[in-house]
Each structure stands twice: as C-alpha cells, then as structure tokens.
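Colleague: starting from these lines, generate the structure:
(2 chains)
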Protein chains: 2
Amino acid sequence: MADDNQSELPTATVLILRQSGFIGLMEPKLSQKFNLLKAWDSPLPQDQFLTTHARSVQALISSANGPPITTQILHLLPSLKLIATTSAGIDHVDLAECRRRGVAVSNAGKAFAEDAADSAVGLFIDVMRKISASNQYVRDGLWSTRGDYPLGSKIGGKKVGIVGLGNIGFEVAKRLEAFGCSVSYNSRSERPYLSYQFYSNVCELAADSDALIICCALTEQTHHMINKEVLSALGREGWLLM
Amino acid sequence: MADDNQSELPTATVLILRQSGFIGLMEPKLSQKFNLLKAWDSPLPQDQFLTTHARSVQALISSANGPPITTQILHLLPSLKLIATTSAGIDHVDLAECRRRGVAVSNAGKAFAEDAADSAVGLFIDVMRKISASNQYVRDGLWSTRGDYPLGSKIGGKKVGIVGLGNIGFEVAKRLEAFGCSVSYNSRSERPYLSYQFYSNVCELAADSDALIICCALTEQTHHMINKEVLSALGREGWLLM
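Modeller: Reported below is the predicted structural model:
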C-alpha cells in the first residue's frame, strides 16, 4: 500500500558506512526506495567523505560489527534523524549523543532471537550427542580401525542453567523443555510469570546445573561474569555453551 | 527387593554371541546376576561352540547389529526361553521359529526413541544452520580469505514431513513444534488424536514439505519407499534426513 504513494515523497538519503554480508543482501531493496550513499565506494577517508557528501543524510544503517557510531560521526551528519542497526545490540551507538541530537535509534529487536536460539540448541545437541566429533572420527577413517566412538550423553533430564533470560534465552528455554531438560535461569530480575527456577547468583545456578548456556549480552556488567568460581561450581563434568 | 531372593534362585545361563559396545557396558551387571556364556571368548567356530556349550542356555542377549538369530541357531539352543535384544528392531530374529518353539522375544521398546529423536533434530539443525559445514570452513582457515560463510536457513515456519510416526517420529515432531516448524506425517495409519496433518501418500507429503525426516523402520514394506518420485516431489530445494 505504501508503494502507491512512494513516488510522491522525496527520496531519503541513507548512509551505509561499511559493506557487510547482511547489508549486502538488503542493498537491492534499499536502492529501490532510497538514495543510498555507500562510504566504501569512495576512495576518500571516512571523515573527509562524510564532510563532503553527508550533509543531507537523513538515515544511517549500521551493524554491531561495523564502525561505532561516535559523537564525531554524528557531528558530521547534521540532518540525521534515524539510525537503524541490523543487530539486536546497540552498544556500538553513542545513545547519549543521539538523545541530545534527537536522532531515533532502532535495532533488530527480537528478529534474530529464534534463529540464535535454534543455533544454540543445535550446538548443545552437537556437544551432548557428539555429532561433529563422531562425524570427524568417521571421516578420518578411525571407525574401522579403532571401533565405535564413545557414546554421547542423554539430553532428557539434564539440568540446564540459562544465564540471561532475554529474547534469546527464553527461546532456548522453550526448545530445551521439548527435549525434557529441566530449565533454570539467572537474569537481572526474576520473571515470576515463568515456571523456570530463578537464581539470583550465577554460581549457585552453575552448582545446580549440568550445563550452562550463556544468552546474555556482553556488557561491562557481564564481562568476566563466567569466572573461575562459576566454572568450579559447574564442575569438571559440566558443559558450558556461549 | 529382587536382590534379597536372588541367592535362592538357580543362576540362569545367558548366552551372548558377539561383543558390542553396548553389551560391553552391561556386562559387569549381567555377570553379577547370571552365568554368562560369551561365544567370542572361545576359539571354536560358533556352531561348534553352541553344540558343545549351549544346551543349558535359557536366555540369549542379541542386538540388531549382531549375528541374526536363525532357525539353525535356535535349533542348537533347546533350553532357550527368552531372546532379549538391546535394539528396538527385532528383524534380526526369526520370529516365526521363536513362536513355534515358545521362545519369548523382548526388545528395547521406546528406550532409545528420545535419544534417536534428539540426534535427528540435532542433525536437522546442523544442516539448516550449516553448523558442521561452517565449522569446517573456519577450521580450514577460509574465513579470513574468502569471507563470511553463506547464511543458513530459518528453521521456524518450515514445513517438515515425518515419514513414520512411531516412537521416534513422535518425539521428533514434539521437538520440532518447539522450533516453530509445521509438522505433517505419513504413517501406516492415521493418528486421529494428534493435530499433525496426515498424508496417506509419501509423495503428497513430500510435495507439501520443505524437509522430510525418515523415522520408519527399514522393512520389506519401506525398502525403496523414498524413490525418485518422492525426491522429485520434495524438489531441489528440499531437505531429506534419514
């Protein structure tokens, strides 16, 4: 429906600082709707490029693994109204400066949460059932000479502690329940509406878990949260997935 | 409780024809309770060994990947009352001859169904999210030279057809539901109490599915069931797991 009115609107200028696989996938659609300004297409250094070309930029598409959006960059984009990041995380954006300048910031929300959870659970099964390891064993021709690969571990009944019950952690929990795992979690705050057991202390969660799956963002608060003490509490027979 | 009475009962003679990883794991417990007769411990050929030692054998422990339990073997075991197979499948046992001789046959039932389903779903996620393949890509040092590995496929919303909704197929279905897949199935008979869509024809199931997961036993009836026609119906973009 928006398409019908599109021709009447002036085409917004949208800046992308660095090429990436995901932005590359979106490019054809973006080019149809916006005047795309691609910093990597220019031989100029980034600051000089922005000074020369970016006065009219109204929106910026960024990603967590692209260049950080600093005060300095924001200063070179006086018409900027929106930063859209393709990532769930927004710690690469100077939010205080955006607030000051009235620049809106949007992120991917929970768009990737299910896929991240699928992969996390896939890795969990891989480790427990030794899928990659036994695959490699067979490919290396060891099955015929050394015999059967050691058995994997049963997944049903395992006590799994989830560190960080955000969008991803919640989706991981939902999936693990279907495998018959018993789910507990540590998070900034308890979710009383969920039946999973809450631990305010990561060490206590680790001590009561067969496996820990780390689903929290890497921030100053969570940096080195999984320390020697947590690993000792988890024990030598424990599994850790991050 | 059974332990208290055990010493009063005569110890049964239990025959094992071939050593295997799983039977090896059970051996210590079995030796405590039974008089174990291990065919592989003897230098005699199997038939000669049985003729010489097996007249008193009351039970036989076998597995699907061990030697088939033929009429000839059964003939050499006149005291046999029970064949316990460690597998879910019992097609390695001559059931007609067992019936004729009054020999009971027990199998593993659904003891392995959850583990088999865990592994099947693990392989499904592995293929969809390209876990093994991208792991190999990174280990081969290609990430730095050739860039990001191609993206995987979303699991949520995929239409998955399960061929054979027995113990394993049902456990696979339960897990896939938690991933947001839409499950349909083909089976010898419809299960009206389940909400999954039933297809009496494997080809029609394949045509309506993004992926097929084969969970049925290999029998004369299912041999070559997944033929050219089924693969064509599934299509070039389809996934097949067995």
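Colleague: who in chain A is up against chain B?
Modeller: Where proximity means Cβ under 8 Å from any Cβ of the partner chain, the interface of chain A facing chain B comprises A:21, A:25, A:114-115, A:118-119, A:121-123, A:125-126, A:128-129, A:131-132, A:135, A:147-148, A:151-152, A:154-156, A:174-175, A:177-180. Quick note: C-beta positions are derived from backbone N, CA and C, even for glycine.
Colleague: and those, which are buried?
Modeller: For the residues of chain A next to chain B, a neighbour count by 16 or more other Cβ atoms under 10 Å in any protein chain shown gives the buried set as A:114-115, A:118-119, A:121-123, A:125-126, A:128-129, A:131-132, A:135, A:152, A:155, A:174-175, A:177-180.
Colleague: on the three-state scheme, the residue of chain A positioned farthest from its centre is what?
Modeller: Relative to the C-alpha centroid of chain A, counting by Cα atoms, centre = their mean, residue A:145 is the outermost residue, at 42.1 Å. The assignment at residue A:145 comes out as helix when based on DSSP: H, G, I helix; E, B strand; the rest coil.
Colleague: just the pLDDT for it.
Modeller: On the pLDDT scale, residue A:145 is placed at 95.
Colleague: closest to the centroid, which residue in chain A?
Modeller: Compute the mean C-alpha point of chain A, and by Cα atoms, centre = their mean the closest residue is residue A:88, 5.8 Å away.
Colleague: so that residue is in contact with residue A:114, correct?
Modeller: No: with contact defined as Cβ atoms under 8 Å, residue A:88 and residue A:114 do not form a contacting pair (11.8 Å).
Colleague: ends of stretch A:25-44, what's the gap?
Modeller: For stretch A:25-44, the first-to-last residue distance is 25 Å (Cα to Cα, to the nearest Å).
Colleague: residues contacting residue A:124?
Modeller: Each residue near residue A:124 by Cβ atoms under 8 Å, 6 or more residues apart in numbering or on different chains is listed here: A:155, A:160, A:176, A:211, A:213, A:239, A:241.
Colleague: ok, the first one touching residue A:128?
Modeller: Yes: using Cβ under 8 Å, residue A:155 and residue A:128 qualify as a contacting pair, with a distance of 5.2 Å.
Colleague: which residues do the two both contact?
Modeller: Common neighbours of residue A:155 and residue A:128 are listed as residue B:118 (criterion: Cβ under 8 Å, 6+ apart).
Colleague: for chain A, give the helix that spans the most residues.
Modeller: The longest helix of chain A (DSSP state H) is helix A:113-128.
Colleague: after that one, next one along is what?
Modeller: Sequence order places helix A:131-139 as the next helix or strand after helix A:113-128, per DSSP states H and E.
Colleague: other SSEs contacting that following helix?
Modeller: For helix A:131-139, the packing partners by 3 or more Cβ pairs under 8 Å, 6 or more residues apart in numbering or on different chains; DSSP states H and E come out as helix B:113-128, helix B:131-139.
Colleague: residues touching residue A:187, list them.
Modeller: By Cβ under 8 Å, 6+ apart, the contact set of residue A:187 is A:163-166, A:169, A:198, A:216.
Colleague: what pLDDT, on average, does stretch A:173-181 get?
Modeller: In this model, stretch A:173-181 carries a mean pLDDT of 98.
Colleague: before we move on, back to that, so which of the contacts of residue A:187 are in helices?
Modeller: Under the assignment DSSP H, these contribute residue A:169 to helices.
Colleague: which one among the contacts of residue A:187 gets closest to chain B?
Modeller: Looking at the contacts of residue A:187 and their distance to chain B, the nearest is residue A:169, at 14.6 Å (Cβ to the nearest Cβ).
Colleague: how many residues are close by the nearest residue to the closest one once chain neighbours are set aside?
Modeller: Nearest residue to residue A:169 in three dimensions, chain neighbours excluded: residue A:215, at 3.6 Å (Cβ to Cβ, 6 or more residues apart in numbering or on different chains). Here the number of neighbours of residue A:215 (other Cβ atoms under 10 Å in any protein chain shown) works out to 25.
Colleague: re earlier: which stretch among the helices and strands packed on helix A:131-139 comes nearest residue A:41?
Modeller: helix B:131-139 (28.1 Å; Cβ to Cβ).
Colleague: got the angle for the closest one vs helix A:113-128?
Modeller: With axes from the mean of the first three to the mean of the last three Cα atoms, to 10 degrees defining the directions, helix B:131-139 sits at 80 degrees from helix A:113-128.
Colleague: send the alpha carbons of helix B:131-139 over as PDB?
Modeller: Coordinates of the C-alpha atoms in helix B:131-139 are reproduced here as PDB (Å, rounded to 0.1, in the frame of the first residue of the first chain):
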ATOM      1  CA  ILE B 131      26.900 -25.800  11.800                       C
ATOM      2  CA  SER B 132      29.300 -28.500  10.800                       C
ATOM      3  CA  ALA B 133      29.900 -27.000   7.400                       C
ATOM      4  CA  SER B 134      30.700 -23.500   8.700                       C
ATOM      5  CA  ASN B 135      32.800 -25.000  11.500                       C
ATOM      6  CA  GLN B 136      34.900 -26.900   8.900                       C
ATOM      7  CA  TYR B 137      35.200 -23.600   6.800                       C
ATOM      8  CA  VAL B 138      36.600 -21.700   9.800                       C
ATOM      9  CA  ARG B 139      39.000 -24.600  10.700                       C
END
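Colleague: so what touches that helix?
Modeller: Residues outside helix B:131-139 that contact it (Cβ under 8 Å, 6+ apart): A:119, A:122-123, A:126, A:131-132, A:135, B:125-126, B:143, B:146, B:149, B:152.
Colleague: make it 10 Å
Modeller: Under the criterion Cβ atoms under 10 Å, 6 or more residues apart in numbering or on different chains, residues A:118-119, A:122-123, A:125-126, A:131-132, A:135-136, A:139, B:122-123, B:125-127, B:130, B:142-144, B:146, B:148-152 lie in contact with helix B:131-139.
Colleague: over to stretch A:94-108?
Modeller: Counting by Cβ under 10 Å, 6+ apart, the neighbours of stretch A:94-108 from elsewhere in the structure are A:22, A:59-60, A:62-64, A:68-75, A:77-78, A:80-90, A:93.
Colleague: what subset of the residues you listed is buried?
Modeller: Neighbour counting by 16+ other Cβ under 10 Å classes A:59-60, A:62-64, A:69, A:73-74, A:77, A:80, A:83, A:85-88, A:90, A:93 among the contacts of stretch A:94-108 as buried.
Colleague: out of the residues you listed, which sit inside helices?
Modeller: Among those, the ones falling in helices (DSSP H) are A:73-74.
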